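S.K.: predicted model, plus sequence, below.
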Number of protein chains: 4
Amino acid sequence: MLDVFSPSDEQLPLLERMAADAKSFWKRGWLVGTCGNLSVKVNEQPLEMLVSASGLDKGALQTSDFLKVGPAGKILAPTPHKPSSEIGVHEVVYRRTQARACYHVHSVWNNLASQLFREQGSVMVENVEMLKGLAGFGLRDTLRLPIVDNSEDMTRLARNVDGGLNPKIPGVLVFQHGIYVWGRDQAEARRHVEILEFLMEYACRLRSYKQ
Amino acid sequence: MLDVFSPSDEQLPLLERMAADAKSFWKRGWLVGTCGNLSVKVNEQPLEMLVSASGLDKGALQTSDFLKVGPAGKILAPTPHKPSSEIGVHEVVYRRTQARACYHVHSVWNNLASQLFREQGSVMVENVEMLKGLAGFGLRDTLRLPIVDNSEDMTRLARNVDGGLNPKIPGVLVFQHGIYVWGRDQAEARRHVEILEFLMEYACRLRSYKQ
Amino acid sequence: MLDVFSPSDEQLPLLERMAADAKSFWKRGWLVGTCGNLSVKVNEQPLEMLVSASGLDKGALQTSDFLKVGPAGKILAPTPHKPSSEIGVHEVVYRRTQARACYHVHSVWNNLASQLFREQGSVMVENVEMLKGLAGFGLRDTLRLPIVDNSEDMTRLARNVDGGLNPKIPGVLVFQHGIYVWGRDQAEARRHVEILEFLMEYACRLRSYKQ
Amino acid sequence: MLDVFSPSDEQLPLLERMAADAKSFWKRGWLVGTCGNLSVKVNEQPLEMLVSASGLDKGALQTSDFLKVGPAGKILAPTPHKPSSEIGVHEVVYRRTQARACYHVHSVWNNLASQLFREQGSVMVENVEMLKGLAGFGLRDTLRLPIVDNSEDMTRLARNVDGGLNPKIPGVLVFQHGIYVWGRDQAEARRHVEILEFLMEYACRLRSYKQ
């Protein structure tokens, strides 16, 4: 039943776009050290995802650096690669939301935000215009970006994200780990990454003046 | 009376320049998340503007990503795009000043400056050489860059900018939103953006030492 | 006696190198807003300099964007351009030192350093390895980078730099203005810019922990 | 016994990779001002290393900008270049660890970290996901990145690094100097550089909130 994974004509642009988005994030310092991972959902029932392979330089991904996986990260086509060990989190995101793309990045500012605002359980941002770039948000909506515990146990990590995830908010911070961000398509996922990174930097810098 | 918008030979370089300036700002983190917008005035009476379409990635604008609009954002040529909802602010700028280009960017530092100096109603900068890069400014001129309230009502936002705008100062900060910057041509608008962003970062960093 | 300035075969690479160095500095945010200027000395007696024209975007200089000038900024070949108004400072540098290249950049950090350390009259850096990249400096040499007053009077500015300049130190900070940096050739001038900018950022950041 | 150094077919990609990694680090501001150096080990017994030449711009290295050296930095093939004076530190790294690539970079943040945490003798990082990118590290492992004294005497510097080096940790900070980082191959060395730089910036920024 397994075929060698060769992307279809509709899938190839998705992979090219993921590689380009990853390179853009890497340049900004959000995907250094081979950290992070990216996926798109290509089928709903049964769930099929194209996901970046584990351990590769995110500044130089090729379309051959992705895998096709199903529920529980089951590899659906022979590949020399291992899927990201955090595929279970992507699965939670696809199950709980309307997302068709999920990007996970690590930045100094999102790590800091998860630390500085840990006690509150979320990073609160309000009355900032950039909020309007988040799908469904207006200027008067308050963002409470959830912060969940990290875990080295991937099942537990997925459960933590599941527990913290609010489908009206397109991201979840993991304590001193990074952020999972999603959107209805890749353009929206990328927009959400750029906006949430902007807001995390803003929240952290602002706090430094208020000690 | 409507034609399909196809830029004239004089207009095409204006669009190419806007796309290039937008990409440059995006690289510096000032136009992330599809935020911001750019326009040039191509006719005075009646007012005609070329303006970036709403919701596009400002790091990858094409010349086909702009529209031709008139007063109150009236679309003057059929287009698949929507104009930026903030076109009314550009109109205020063109009515109140000699500007022929108006660039609106969102940066972490200009958001911070609008917060940290809100009570004063403006960001004051003096005796800084970079001021000389603002048209009409000498080293001894004090910059008081106005900060106006933000609004989700675009008519009100335009009125706020109108109320705060000082024609001798080529920019207005909107509280936790971004900055509108203009110039007599695109080169000047871009120069003013780079200088005002420099000065906002400088003012915020300097303040962190003076708490 | 005036010819149209067309660079000689030996001069062309100097101009290409200046344009490349300017672009590199602009990318780092040190030459934004058309600020700053660059020169090389091409003759000693009488003094002849190739200098960037005033008011141009330093991220996009062409070899045609330079002029040939003599003492007191006298233009030595017809040109559509104006020389930088700060050419007098370059002249001081060439008269007082062995420099054959002089680069003047404005950065947020060098402006901050000139403010934070103004009372001491210099920025002191010691026991930092990067000092070894400054010609003539070893690890045990203490850098006291002079800070001189700014002036809108260019003759006075040149005199201030003259008064503060220490020929053993390849740079002078001007209060809330920028830094003049030089070297025996362009490679050294550029190396000195990169090192002094590193050290100014380091000195300012370190100070923020010691308040 | 000496031949002119011309890299073998296996060595050429190593040099190309070193040049590319150096350029990437330079862009991030970690190898400015010609500082830093890079090497790979190409033979174990006797030790043979390919190392970047001294004093070159690390943003523009060519494959001809490397030398082949042996123990004590002995030049093994005629060359116009001088090897980095810090080759003795690389030798310590190759003797004490399984490394086949060693990269030495100077950043503002790694200099700051070496200052701010000097009294503790190391920079401690724990419970941060990025740790997992360091070979052999899990989320629960605490990083204590050693900080050793700097010296202008290269023999002493090598001895300091030898004294501080813990083979389970792929890097050593030198006080106000920079960081030596290594890996079993170039990809790992580069990954370790990116991760340790991330962690040093994180540790310094976090500390600024805890004064």
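M.R.: Noted; the coordinates are in hand. Just so you know, these numbers come straight off a predicted model, no measurement behind them.
S.K.: can you pull the contacts of the nearest residue to A:His106 once chain neighbours are set aside?
M.R.: Leaving aside its sequence neighbours, A:His106 sits nearest to A:Gly178 (CB to CB, 6 or more residues apart in numbering or on different chains; 3.7 Å). All C-beta spots, glycine's among them, are computed from the backbone N, C-alpha and C. Contact analysis of A:Gly178 by CB atoms under 8 Å, 6 or more residues apart in numbering or on different chains lists A:Cys35, A:Gly36, A:His104, A:Val105, A:His106, A:Ser107, A:Asn110, A:Asn111, D:Glu129.
S.K.: pLDDT wise, what is A:Gly178 at?
M.R.: pLDDT, A:Gly178: 98.
S.K.: against chain B, how distant is it?
M.R.: For A:Gly178, the distance to chain B equals 18 Å [CB to the nearest CB, to the nearest Å].
S.K.: got the phi and psi for that residue?
M.R.: phi 170, psi -160 (degrees, to the nearest 10).
S.K.: got a ChimeraX select line for the buried ones in the contacts of A:Gly178?
M.R.: Here is the ChimeraX command that selects the buried residues among those (16 or more other CB atoms under 10 Å in any protein chain shown):
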select /A:35,36,104,105,106,107,110,111 /D:129
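S.K.: mind telling me which residue of chain A is nearest chain C?
M.R.: A:Ser208 (9.4 Å; CB to the nearest CB).
S.K.: which ones are touching A:Tyr103?
M.R.: Contacts of A:Tyr103 (CB under 8 Å, 6+ apart): A:Asp21, A:Phe25, A:Gly36, A:Leu38, A:Tyr180, A:Val181, A:Trp182, A:Ala189, A:Arg190, A:Val193.
S.K.: assign the second one to helix, strand or coil.
M.R.: The one in question is A:Phe25. Here A:Phe25 is recorded as helix under DSSP: H, G, I helix; E, B strand; the rest coil.
S.K.: which ones are touching it?
M.R.: Counting by CB under 8 Å, 6+ apart, A:Phe25 has contacts A:Leu31, A:Gly36, A:Lys58, A:Tyr103, A:Val105, A:Val193.
S.K.: pLDDT at the fifth one, what is it?
M.R.: The predicted local confidence for A:Val105 comes out at a pLDDT of 98.
S.K.: and the helices in chain A?
M.R.: A:11-27, A:87-96, A:108-116, A:154-164, A:186-208 (DSSP state H).
S.K.: could you dump those helices to a markdown table with mean pLDDT?
M.R.: Conversion of the helices of chain A to a markdown table gives the following (pLDDT from 0 to 100):
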| stretch | mean pLDDT |
| --- | --- |
| helix A:11-27 | 98 |
| helix A:87-96 | 97 |
| helix A:108-116 | 98 |
| helix A:154-164 | 97 |
| helix A:186-208 | 98 |
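S.K.: which one of these lies closest to B:Lys168?
M.R.: B:Lys168 sits nearest to helix A:186-208 of all these, at 29.7 Å, using CB to CB.
S.K.: can the closest one be said to contact chain D?
M.R.: Yes - interface with chain D: helix A:186-208 contributes A:Cys204, A:Arg207, A:Ser208 (CB under 8 Å from any CB of the partner chain).
S.K.: most neighbours among the residues you listed, which one is it?
M.R.: A:Cys204 (23 neighbours; other CB atoms under 10 Å in any protein chain shown).
S.K.: quick one: residues contacting A:Arg57.
M.R.: For residue A:57 the amino acid is Asp, not Arg. Taking CB under 8 Å, 6+ apart as the test, what A:Asp57 contacts is A:Trp26, A:Thr34, D:Ala187, D:Arg190, D:Arg191.
S.K.: could you check how far the second one is from B:Ala77?
M.R.: This points to A:Thr34. 48 Å (CB to CB, to the nearest Å).
S.K.: who's more crowded, these two?
M.R.: Between A:Thr34 and B:Ala77, counting by other CB under 10 Å, A:Thr34 is the more crowded of the two (21 against 13).
S.K.: excluding covalently adjacent residues, which one is nearest to A:Pro170?
M.R.: Of all residues not flanking A:Pro170 in the chain, A:His192 sits nearest, at 4.7 Å (CB to CB, 6+ apart).
S.K.: surely that neighbour touches A:Val172?
M.R.: No - between A:His192 and A:Val172 there is no contact under CB atoms under 8 Å: 11.6 Å.
S.K.: neighbours of A:Arg95, how many?
M.R.: There are 12 residues near A:Arg95, going by other CB under 10 Å.
S.K.: excluding sequence neighbours, find me the nearest residue to it.
M.R.: Leaving aside its sequence neighbours, A:Arg95 sits nearest to A:Leu47 (CB to CB, 6+ apart; 7.8 Å).
S.K.: just checking, the one you found touches A:His90?
M.R.: No - using CB under 8 Å, A:Leu47 is not in contact with A:His90, being 9.7 Å away.
S.K.: distance of A:Met200 from chain D?
M.R.: In terms of CB to the nearest CB, A:Met200 sits 12 Å off from chain D.
S.K.: contacting residues for that residue?
M.R.: Here A:Met200 is in contact with A:Ser107, A:Trp109, A:Asn110, A:Leu112, A:Ala113, A:Val123, A:Leu145, A:Leu173, A:Ile179 (CB under 8 Å, 6+ apart).
S.K.: could you redo the last one with a cut-off of 10 Å?
M.R.: A:107-114, A:116-117, A:123, A:125, A:145, A:171, A:173, A:179, B:108 (CB atoms under 10 Å, 6 or more residues apart in numbering or on different chains).
S.K.: what residues does chain A have near chain C?
M.R.: Counting by CB under 10 Å from any CB of the partner chain, the residues of chain A close to chain C are A:Ser208.
S.K.: distance check, A:Trp26 against chain B.
M.R.: Applying CB to the nearest CB to A:Trp26 and chain B gives a distance of 14 Å.
S.K.: what does A:Leu157 give?
M.R.: 27 Å.
S.K.: contacting residues for that residue?
M.R.: A:Ser85, A:Glu86, A:Gly88, A:Val89, A:Val92, A:Val148, A:Asp149, A:Asn150, A:Ser151, A:Val174, A:His177, D:Glu129.
S.K.: and what of A:Ser107?
M.R.: A:25, A:28-32, A:35-36, A:113, A:178-179, A:193, A:196-197, A:200-201, D:198, D:202.
S.K.: please apply the same query to A:Asp149.
M.R.: Here A:Asp149 is in contact with A:114, A:118, A:156-157, A:159-161, A:163-164, A:174-177 (criterion: CB under 10 Å, 6+ apart).
S.K.: how does it look with 7 Å?
M.R.: A:Asn160, A:Phe175 (CB atoms under 7 Å, 6 or more residues apart in numbering or on different chains).
S.K.: give me phi/psi at it?
M.R.: phi -70, psi 150.
S.K.: ok, A:Leu47 and A:His90, which is more surrounded?
M.R.: The neighbour comparison of A:Leu47 against A:His90 (other CB under 10 Å) goes to A:His90, with 30 against 17.
S.K.: can you tell me how far that one sits from chain B?
M.R.: 22 Å.
S.K.: my read is that that residue contacts A:Glu48, right?
M.R.: No - with contact defined as CB atoms under 7 Å, A:His90 does not reach A:Glu48; the gap is 11.7 Å.
S.K.: list just the nearest of the contacts of A:Phe25 to D:Leu67.
M.R.: A:Lys58 (32.1 Å).
S.K.: double-check that closest one against A:Gly33; I have them as touching.
M.R.: No - applying CB under 7 Å, one finds A:Lys58 not in contact with A:Gly33, separated by 8.8 Å.
S.K.: what parts of chain A come near chain B?
M.R.: Neighbours of chain B within chain A, by CB under 7 Å from any CB of the partner chain: A:127-130, A:133, A:138-140, A:191, A:194-195, A:198, A:201-202, A:205-206, A:208-209.
S.K.: buried stuff in stretch A:8-21?
M.R.: In stretch A:8-21, counting by 16+ other CB under 10 Å, buried: A:Gln11, A:Leu14, A:Leu15, A:Arg17, A:Met18, A:Ala19, A:Asp21.
S.K.: now, the most widely separated pair of those?
M.R.: A:Gln11 and A:Asp21, at 15.4 Å, using CB to CB across the buried residues of stretch A:8-21.
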